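# The sequence isn't on hand, but the structure is:
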């Protein structure tokens, strides 16, 4: 082993991926999109295939103390399908690998797979393979999703144009508040197991964390309405982090309006309870699995037909920077508060 | 959670997979082969895509104490490519996900990826995606390989015919002896770090364990020689276990000749040193990544041209059972000594 030692935390997740993939030379002409987007795109004699994969680790990406296994199975599939939709593609197949310790029973595995199959059913995808390994400790989940896209309809992160409208689907920040809430309940429970949590009013934000959906409907809407987004990705690490990805990969700046960021009433109320700023939750909280995309201005009329889509800003030339205009009328730089996997917490 | 508790160890790896996938209903007409073979096969408008995935866990599938990271990266790719070749297909793309703890440095990751890229280079595949996660402990590797196959040339495990010749590539048992050897050296080292191992004479068996290759050449030979195997799989869990898979899935019996099982001189010598039966190593040792396949009898003349292929037996009607005829002329039942992931060791 080399004598130098560079800590992984000094690069961050995206820095590490960039470092490790910097020298890739594509060998197959069929590779249309490789590393660096929501998914890869492969050409199979005119028909284009989309591939994406996610690794979920116990204690890092989920906490079994408050995550029902059925929901975990469902979510493991959803996070991958979301990446396929973010390419403007339709998922068709998944593979699912799991590593489990003997601490888990067959009944627990059945619950997990109930969720997996429920997601497959809901989104019309086939589970076609996987691997099952005995882990020494904890639970490891690795999912790969495969999809198809009409030739050249796939949408990358790097192709936004100056003047394009910046848009997102659904509402943001709820999953983050759900996480804060469940983490608090966990601490309370660990200190005093007698106290039983009343989470009846928080169903929405908890549901958004534990059982997210992928925005199949938005992709179908694009098809029906004849909208071809100019760039797109899914929002898994928080709005600000994802906007910066699109700006960087498209070599553009942007203006984002705070007042346009869609945040649900339930999220606002729960945020205030924790004395958190709902906008900060939307900007920096992850796991919403909504879509962030840009469209040409002339598509505006088509978009307003869909209540699930918000126009939140527009793309500018790179020199103008990446700016947010607050409700109070102030302008700030957008900073990445996205999750850095390698900074120890 | 349900009140019943069934231990995973009571099913074994294959039992668990069968249980979890028993009720799958295929939703996409494009799914030609789903769960239960080396890889899945998907039809993309006439062009057929093959997909397979493997999960490798630190302390279960590899031991970092004696596995150089570069070799580990190489092998992680190879084990997946081997499954693609076992479908008579050509791998084209992989995704690679890793979970690493902060204990690993960037330099260590670079070594691992050097091996990954070396394998991609050697086999002409593109790395097109992946995921990088911070694990709390240990090293998790998940690889998915995608390949293509000329329509309807893919080979399943379930299509062997009575009278077909049972064949395998290369030689068997070496990786198992390599493992036994390195495990012994590890124990000696842990007891007395001053003793330095002399493994010069054992390069072959250690190399077979740490840096296996996938049998691309055999698939190319089939193409050139015009041989279409009637069934095929790769030998990752030991010859006997894999033969039983082909018999069960093809609903046949077989006769295997001990004297025909290819075992290298190096493997024999190393086995004798450990007072192990070389045949038992070939039958029950795993990780050889050779191909096991059946061909119609009329293809025999074509096969003999390839020194890397051994005819080791033939397929019979199911009532005749699965038999091995020893060098001494005795007949025994073949029993699965394949690796059971969920029996605690």
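Everything's here; your move. Because the structure is a prediction, the values reported are computed rather than measured.
# where are the low-confidence patches of chain A?
A:1-3, A:44-45, A:47, A:337-345 (pLDDT under 70).
# what ranges do the strands span in it?
A:31-33, A:40-44, A:47-57, A:90-100, A:126-134, A:139-149, A:165-169, A:231-235, A:253-257, A:290-295, A:309-316, A:322-325, A:331-333 (DSSP state E).
# export the ones you listed to CSV and tack on distance to residue B:56 and mean neighbour count?
Heads up, the C-betas are built off the backbone N, CA and C, glycines and all. Listed next are the strands of chain A as CSV, based on distance: least, C-beta to C-beta, whole Å; neighbours: other C-beta atoms under 10 Å in any protein chain shown:
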stretch, distance to residue B:56, mean neighbour count
strand A:31-33, 24, 21
strand A:40-44, 21, 23
strand A:47-57, 12, 25
strand A:90-100, 9, 26
strand A:126-134, 8, 24
strand A:139-149, 10, 27
strand A:165-169, 36, 25
strand A:231-235, 27, 26
strand A:253-257, 41, 20
strand A:290-295, 33, 27
strand A:309-316, 42, 22
strand A:322-325, 39, 20
strand A:331-333, 42, 10
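# Take those and write them to CSV, including distance to chain B.
Formatted as CSV, the strands of chain A follow (distance: least, C-beta to the nearest C-beta, whole Å):
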stretch, distance to chain B
strand A:31-33, 5
strand A:40-44, 4
strand A:47-57, 4
strand A:90-100, 4
strand A:126-134, 4
strand A:139-149, 4
strand A:165-169, 23
strand A:231-235, 14
strand A:253-257, 26
strand A:290-295, 19
strand A:309-316, 26
strand A:322-325, 24
strand A:331-333, 27
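# Could you work out which of those reaches nearest to residue B:290?
strand A:126-134 (19.7 Å; C-beta to C-beta).
# what angle sits between the closest one and strand B:139-149?
140 degrees (axes from the mean of the first three to the mean of the last three C-alpha atoms, to 10 degrees).
# Go through the strands of chain A and name the closest to residue B:330.
strand A:126-134 (35.1 Å).
# Sheet-wise, list the partners of that closest one with their directions.
Its sheet considered, strand A:126-134 pairs with strand A:90-100 (parallel) by DSSP bridges.
# Show me chain A divided up by domain.
A:8-149, A:165-333 (automatic domain parsing).
# right, so of those, which gets closest to residue B:110?
That would be, of the domains of chain A and by C-beta to C-beta, domain A:8-149, which comes in at 7.5 Å.
# distance between the ends of that closest one?
36 Å (C-alpha to C-alpha, to the nearest Å).
# quick one: contacts for residue A:49?
A:41-43, A:146-149, B:44, B:49, B:146 (C-beta atoms under 8 Å, 6 or more residues apart in numbering or on different chains).
# From those residues, pick the one nearest residue B:71.
Nearest to residue B:71 among the contacts of residue A:49, with distances taken as C-beta to C-beta, is residue B:146, at 23.5 Å.
# Am I right that the closest one is in contact with residue A:50?
No: if you go by C-beta atoms under 8 Å, residue B:146 and residue A:50 don't touch, sitting 11.1 Å apart.
# Quick check: neighbours shared by the two?
A:42, A:146.
# that older thread, in TSV: the contacts of residue A:49, plus distance to residue A:170.
Converted to TSV, the contacts of residue A:49 look like this (distance: C-beta to C-beta, whole Å):
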residue	distance to residue A:170
A:41	25
A:42	29
A:43	32
A:146	25
A:147	20
A:148	24
A:149	22
B:44	31
B:49	32
B:146	31
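# among those residues, which two are most distant?
The widest separation within these (C-beta to C-beta) is 15.3 Å, between A:149 and B:146.
# returning to what we had before: of the strands of chain A, which approaches residue B:239 most closely?
strand A:126-134 (20.8 Å).
# Next, the angle from the closest one to strand B:40-44.
Using the same axes, to 10 degrees, strand A:126-134 lies at 160 degrees relative to strand B:40-44.
# Just give me how far strand A:126-134 sits from the chain centre.
23 Å (C-alpha atoms, centre = their mean, to the nearest Å).
# Against chain B, how distant is residue A:240?
21 Å (C-beta to the nearest C-beta, to the nearest Å).
# Look up the closest residue to that residue, ignoring the ones flanking it.
residue A:283 (4.3 Å; C-beta to C-beta, 6 or more residues apart in numbering or on different chains).
# Pull the number of nearby residues for that neighbour.
The burial count assigned to residue A:283 is 26, neighbours taken as other C-beta atoms under 10 Å in any protein chain shown.
# ok, now how distant is it from residue A:335?
9 Å (C-beta to C-beta, to the nearest Å).
# same deal with residue A:326?
Where residue A:335 is concerned, residue A:326 sits at a distance of 14 Å (C-beta to C-beta).
# who touches residue A:99 in this structure?
Contacts of residue A:99 by C-beta under 8 Å, 6+ apart are A:132-135, A:138-140, B:55, B:57, B:60, B:140.
# now with 6 Å?
A:133, A:135, A:140, B:55, B:57 (C-beta atoms under 6 Å, 6 or more residues apart in numbering or on different chains).
# Show me the beta-bridge partners of the closest residue to the second one other than its chain neighbours.
If you skip the residues right next to it in sequence, residue A:135 has residue A:99 as its closest partner in space, 3.7 Å away by C-beta to C-beta, 6+ apart. Using DSSP bridges, the beta-bridge partners of residue A:99 come out as residue A:133, residue A:140.
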